[in-house]
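*Asks:* pasting a predicted model and its sequence here:
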Amino acid sequence: MKEVVNNSWSTGNTSADIVIVLMIITSIMVLGVAILMLKVIKFYVKETINPVPFATPEEREIRKLEAEALRALEKKKPTIWTKLMQLKPLEEEGSLVMEHKFDGISELNNPTPAWFMVLFYGTIIFGIGYFLNYHVFHYGKLQDEEYVAEIEKAADDKVAFLSNPVNSASAVNENNIVQSKDAAVLKNGQALFATRCPPCHGEQGQGLVGPNLTDEYWLHGGKIKDVFKTIKYGVPEKGMISWEKSMSARQIADIANYVLSIQGTKPADPKAPQGNKE
Ligand code: HEC
């Protein structure tokens, strides 16, 4: 059963959206300031507990040298990027030069990058797994087997659906329906009506695009059997939807009973009569 979902994002509740976006931006800014403040406080506390004395020029020189040595060491270590690409540093390229030369241009024998080899062997391993799964051990279903299984499941579902008396074709149809004034039926019918029919027939059934359902004039008959039939099959060429596929026979019956129950309610702003008086 499909329910009409009122989604405030899609119905363009723009001012609320703007407020939310502004609130998010503000909270991000507050977060940034808080982090900054925290850092300042941390630095301040550290300095009060354990102040770092101002360095003399000699000490500063030593620190600079130390930092440079550290940086030089770091440069030696290959980065993840060079490892992944299996690049040789420029200084070591000499060992890669191949024997031949064309017009004085020599070629380097760079190894195939690691990422490529991982992908390459990965596809082979995947292929073996795929082959074993689908063609040797048949754990996985091939497309046509999947299709057959889905069709079988749908057939089972259909049997289960129809064995439920609420849905079975013999439950209610346009030939055996009798009008009911049962409060539960009308209440259910009203709820179903409220979510599906007002766009065309109005909240009170007073008629909009579709005809007024509260007057005694009917285009397609005002007996319970007629109303049931109109709702079930619709009048597609005139814009009245067929509800057969989206509602059970029982639901259509409840709605039809509800439609008859609002006869003569005289809502405000009624649409002019259409059809024959009954
Ligand atoms: C998309 C618009 C639309 C929706 C939604 C719609 N209808 Fe209709 N309906 C119409 C139109 C248009 C007609 C007139 C058809 C014609 O001119 O023959 C109509 C006709 C009818 C009639 C026949 C009236 C008569 O005078 O004989 C009934 C009963 C009816 N609708 C019930 C419903 C119910 C119940 C629902 C909700 C489940 C519903 N309709 C939803 C457009 C709609």
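*Replies:* Thanks, I have the structure now.
*Asks:* for this structure, longest strand please?
*Replies:* Ranked by residue count under DSSP state E, the longest strand found in the chain is strand 97-102.
*Asks:* buried ones in it?
*Replies:* When burial is assessed from 16 or more other C-beta atoms under 10 Å, strand 97-102 yields no buried residues. For every residue, glycine as well, the C-beta is placed using N, CA and C.
*Asks:* which SSE is immediately downstream of it?
*Replies:* Remark: after strand 97-102, the chain's next helix or strand is strand 105-108, criterion DSSP states H and E.
*Asks:* need the CA coordinates for that following strand. CSV is fine.
*Replies:* Taking Å, rounded to 0.1, in the frame of the first residue of the first chain, the C-alpha atoms of strand 105-108 are listed here in CSV:
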residue,chain,number,x,y,z
ILE,A,105,68.1,9.4,-26.1
SER,A,106,68.4,6.5,-23.7
GLU,A,107,65.6,4.5,-22.2
LEU,A,108,65.0,3.8,-18.5
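*Asks:* number the residues from 120 up from this point.
*Replies:* Yes, from this point I'll number from 120; that puts the last item at strand 224-227.
*Asks:* what is the mean pLDDT for that strand?
*Replies:* The average pLDDT for strand 224-227 rounds to 88.
*Asks:* sheet partners, orientation included, of it?
*Replies:* Strands adjacent to strand 224-227 in the sheet, as given by DSSP bridges, are strand 216-221 (antiparallel).
*Asks:* mind listing residues that contact the partner strand?
*Replies:* Ser225, Glu226, Leu227, Asn228 (C-beta atoms under 8 Å, 6 or more residues apart in numbering).
*Asks:* so what's the third one up against?
*Replies:* Applying C-beta under 8 Å, 6+ apart, one finds that Leu227 lies in contact with Glu212, Leu215, Val216, Met217.
*Asks:* for the closest residue to the first one other than its chain neighbours, which residues count as its bridge partners?
*Replies:* What it means is Glu212. Nearest in space to Glu212, with sequence neighbours left out and distances taken as C-beta to C-beta, 6 or more residues apart in numbering, is Leu227 at 6.3 Å. Beta bridges link Leu227 to Val216, judged by DSSP bridges.
*Asks:* ok, Glu356 - how many residues close by?
*Replies:* 6 (other C-beta atoms under 10 Å).
*Asks:* which of the three states applies to it?
*Replies:* At Glu356 the chain is in helix, as set by DSSP: H, G, I helix; E, B strand; the rest coil.
*Asks:* who touches the least confident helix or strand in the chain by mean pLDDT?
*Replies:* Lowest mean confidence among the helices and strands of the chain (mean pLDDT, DSSP states H and E): helix 199-204, at a mean of 78. Applying C-beta under 8 Å, 6+ apart, the external contacts of helix 199-204 come out as Leu206, Pro208, Pro232, Ala233, Trp234.
*Asks:* which of those count as buried?
*Replies:* Neighbour-count burial (16+ other C-beta under 10 Å) applied to the contacts of helix 199-204 gives Leu206.
*Asks:* host element of the closest residue to Glu363 other than its chain neighbours?
*Replies:* Of all residues not flanking Glu363 in the chain, Lys351 sits nearest, at 5.0 Å (C-beta to C-beta, 6+ apart). Here Lys351 sits within helix 343-352, counting by DSSP H and E.
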